[in-house]
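>>> the sequence isn't on hand, but the structure is:
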């Protein structure tokens, strides 16, 4: 939650409020908006509105579309979450089974995931007409890595 709060604070100058934090937690725990609304003593429509604004904010900050159905996978892909759970292991703040890491670039899972994401991007970039040399430069991969992914 610390990283989501940081992203929101950098964009708005405000920290996550209770509903926004509860929305992220609830979505990561596969809760329906109606249950989140009940837990926060508000209407489902209000939760949807707050969610829409939060997903837009996170989408802008992370550079890809974020919504209720892809929040967990987006956080994993962005290396904000390293496994299917939410929290900060270093501070003992763990919710469910997702761990937020302060330094995801150090984890072996992050390195493997980053490499895998780059290799998956090769196919898409080829479809857009980029050459192997251009792809290698953009993704900071060797030509050999690009060519092995043919």
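Yep, that arrived. Remember, it's a predicted structure, so these values are computed and weren't measured experimentally.
>>> by mean pLDDT, point me to the weakest helix or strand of the chain.
The least trusted helix or strand in the chain, going by mean pLDDT, DSSP states H and E, turns out to be strand 86-88, with a mean of 43.
>>> so what's the residue nearest in space to the middle of the chain scoring on pLDDT?
The C-alpha lying nearest the average C-alpha coordinate of the chain belongs to residue 75 (Cα atoms, centre = their mean; 1.8 Å). Residue 75 is assigned 76 on the pLDDT scale.
>>> likewise residue 34?
pLDDT, read off for residue 34, is 94.
>>> what helix or strand does the residue nearest to the centre of the chain sit in?
helix 71-77 (DSSP states H and E).
>>> now do the residue nearest to the centre of the chain against residue 19, distance only.
Between residue 75 and residue 19 the distance is 19 Å, computed by Cβ to Cβ, to the nearest Å. For every residue, glycine as well, the C-beta is placed using N, CA and C.
>>> repeat for residue 37
9 Å.
>>> what do you get for residue 126?
Taking Cβ to Cβ, one finds residue 126 at 43 Å from residue 19.
>>> what about the helices in this structure?
2-12, 18-28, 33-39, 44-62, 71-77, 108-127, 132-139, 143-148 (DSSP state H).
>>> deepest-packed of those, please.
helix 18-28 (a mean of 20; mean count of other Cβ atoms under 10 Å).
>>> what packs against that helix?
Helix 18-28 sits against helix 2-12, helix 33-39, helix 44-62, helix 71-77, strand 86-88, with contacts defined as 3 or more Cβ pairs under 8 Å, 6 or more residues apart in numbering; DSSP states H and E.
>>> name the spans of the chain whose pLDDT lies under the cut-off.
1-2, 79-107, 110, 150 (pLDDT under 70).
>>> domain map for it?
2-102, 108-148 (automatic domain parsing).
>>> for the first one, what is the distance to the chain centroid?
Right, domain 2-102. 9 Å (Cα atoms, centre = their mean, to the nearest Å).
>>> which ones are touching the closest residue to residue 143 other than its chain neighbours?
Sequence neighbours aside, residue 136 is the residue nearest to residue 143 in space, at 5.1 Å (criterion: Cβ to Cβ, 6 or more residues apart in numbering). Residue 136 makes contact with 142-143, 145-146 under the criterion Cβ atoms under 8 Å, 6 or more residues apart in numbering.
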